[in-house]
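Enquirer: Please work out how this folds:
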Amino acid sequence: MIINVYERNRDATLKHVQVIDMGTGPDNIFVEPGTGNLWIGCHSVNHEIMGHFQNKTVTAPSQVIHVKWEDPTRATHGYTLSEVFLDTGDFLSGSSIAAYHQSTKGLLIGTVVTKLAYCQVNAF
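Expert: As a prediction, this is how the structure comes out:
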């Protein structure tokens, strides 16, 4: 699946500037204040999340992808994708959002149906 990236023009119209091939199923996107980097809760196996919706005891994988812009002022200058979190669903099932707090290096991962996880991220 993909994410389309747009820039906002001065007249509030949008200009399509880039497509990011995620290689996974992105759900909700958190834009990191100050950097514009993206933290994305993903469904790495889409058909398993559907089973989880129907029965919360059926687990689905959880995944968080970080998109770091090479130039934070312009999204057209390239990026690096990093997998920050991956779980089979036994610990955290069906992640849908990841919110990062830069000063504490804390990552809050939310799920569609069940619970939250808080992690310390030391690599970013």
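
Enquirer: Residue 50 belongs to a strand?
Expert: No: Residue 50 is assigned helix when assessed by DSSP: H, G, I helix; E, B strand; the rest coil, not a strand.

Enquirer: Excluding chain neighbours, give the residue nearest to residue 86 in space.
Expert: residue 63 (5.1 Å; C-beta to C-beta, 6 or more residues apart in numbering). For glycine as for every other residue, the C-beta is placed from the backbone atoms N, C-alpha and C.

Enquirer: okay, now that neighbour: neighbour count?
Expert: 24 (other C-beta atoms under 10 Å).

Enquirer: do the same with residue 100
Expert: 24.

Enquirer: Make 849 the starting number, not 1.
Expert: Sounds good: first residue 849 from here, last item residue 948.

Enquirer: show me where pLDDT drops low in the chain?
Expert: For the chain, the stretches flagged by pLDDT under 70 are 920-925, 972.
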